[in-house]
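Enquirer: need a structure here:
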Amino acid sequence: MNRAQLVDAISTKTNITKKDVDLILTEYMKQVKKAVQKDDNVRLIGFGTFKKTKRAGRYYIHPATGERAYAKTKNSVRFVPGKAFKKKVNSKLKKKKVVA
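Expert: Residues are numbered from 1 along each chain as shown. I've put the predicted structure just below:
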């Protein structure tokens, strides 16, 4: 699902105009980015948590040249799905019988 499809789905379900849904979605993303940038975790109960993490610097071998290079330490963003989200994603899986 892309952004346009998400806006359309929310608009249809809530009877809010697509323009307003797009505005809300844009502002939501801005606020999540601001909070994570400030080292605040964004917790949405039942959905998940967005949080900032650090990736340690490391050496690697450049595949094209074979030269050794160094990647500096940098920040990254991690999304940890909540319990309800994980349950929903895994609800369609069939349980296999274990034969001992």
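
Enquirer: tell me which residues of the helix or strand harbouring Leu23 are tucked away?
Expert: Under the criterion of DSSP states H and E, Leu23 resides in helix 18-37. The neighbour-count check on helix 18-37 (16 or more other C-beta atoms under 10 Å) flags 21-22, 36 as buried. Quick note: C-beta positions are derived from backbone N, CA and C, even for glycine.

Enquirer: I'd like the distance from the following helix or strand past that helix to the chain centre, please.
Expert: The helix or strand immediately downstream of helix 18-37 is strand 42-44, counting by DSSP H and E. Centroid separation for strand 42-44 versus its chain: 11 Å, with C-alpha atoms, centre = their mean, to the nearest Å.

Enquirer: What lies in contact with the helix or strand of the chain with the lowest mean pLDDT?
Expert: Lowest by mean pLDDT, DSSP states H and E among the helices and strands of the chain is helix 83-90, with a mean of 91. Residues from elsewhere that reach helix 83-90, judged by C-beta atoms under 8 Å, 6 or more residues apart in numbering: 46-48, 81.

Enquirer: where does the chain dip in pLDDT?
Expert: Low-confidence segments of the chain (pLDDT under 70): 94-98, 100.

Enquirer: Outline the domain layout of it.
Expert: Following the assignment in automatic domain parsing, the chain carries domains at 1-40, 41-85.
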